[in-house]
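Undergrad: Sequence first, then the predicted structure, then my questions.
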Amino acid sequence: MSPRTIQNTFHPPPRKSLSERIAARIQQQTDASTAARNRSVFISLREDIQQAVTDGWSLLAIWQVLFDEQRVTFTYQAFRRYARQLVDNPASASSSEHPTGETLEAAADTYAFSAKPTKALLP
């Protein structure tokens, strides 16, 4: 008989993203601000929220369920703000401050200077 080779089939659990690890850390901190805690809760639920939005549910319906389940404790207005920042445009904060080369090129292509004024001059 030939000896059998036993392969290690242990696979470590998938590593969480940096954002998820930061959110978990903030939730554990006792001195974290309310805003930081609320944002971290939203980030930890972001994939579920994104899927519900993709499935056609309104933000109000999503918030009501999460609020009733006590998974979020902040207001609907705050929930909408987080959704706009983190679901609709997750990179908007960084990309709006530092436009990419493609954005600048597109802006340059659409701009056309005209030396002739388009408005009538005032008397």
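TA: Sure, I can see it. Numbers count the residues shown, from 1 in each chain.
Undergrad: what sits against Ser40?
TA: Ile22, Ala23, Ala24, Ile26, Gln27, Ala32 (Cβ atoms under 8 Å, 6 or more residues apart in numbering). Every residue, glycine included, has its C-beta placed from N, CA and C.
Undergrad: Go through those residues and give me the one with the most neighbours.
TA: Ranked by the number of neighbours (other Cβ atoms under 10 Å), the contacts of Ser40 place Ala23 first, at 22 neighbours.
Undergrad: returning to what we had before: quick one: which of the contacts of Ser40 is nearest Gln51?
TA: Ala23 (17.5 Å; Cβ to Cβ).
Undergrad: who does the helix or strand containing the closest one touch, helix- and strand-wise?
TA: Here Ala23 sits within helix 18-28, counting by DSSP states H and E. Applying 3 or more Cβ pairs under 8 Å, 6 or more residues apart in numbering; DSSP states H and E, one finds that helix 18-28 contacts helix 34-54.
Undergrad: Quick check: mean pLDDT of the helix it packs on?
TA: For helix 34-54, mean pLDDT is 92.
Undergrad: Run the angle between that helix and helix 18-28 for me.
TA: In terms of direction (axes from the mean of the first three to the mean of the last three Cα atoms, to 10 degrees), helix 34-54 departs from helix 18-28 by 130 degrees.
Undergrad: right, and the helix or strand after helix 34-54?
TA: helix 59-68.
Undergrad: can you list contacts of that next one?
TA: Leu45, Ile49, Ala52, Val53, Val72, Thr73, Tyr76, Phe79, Arg80, Ala83.
Undergrad: list the contacts for the fifth one?
TA: Residues touching Val72, when contacts are defined by Cβ under 8 Å, 6+ apart, comprise Asn38, Val41, Phe42, Leu45, Trp63, Leu66, Phe79.
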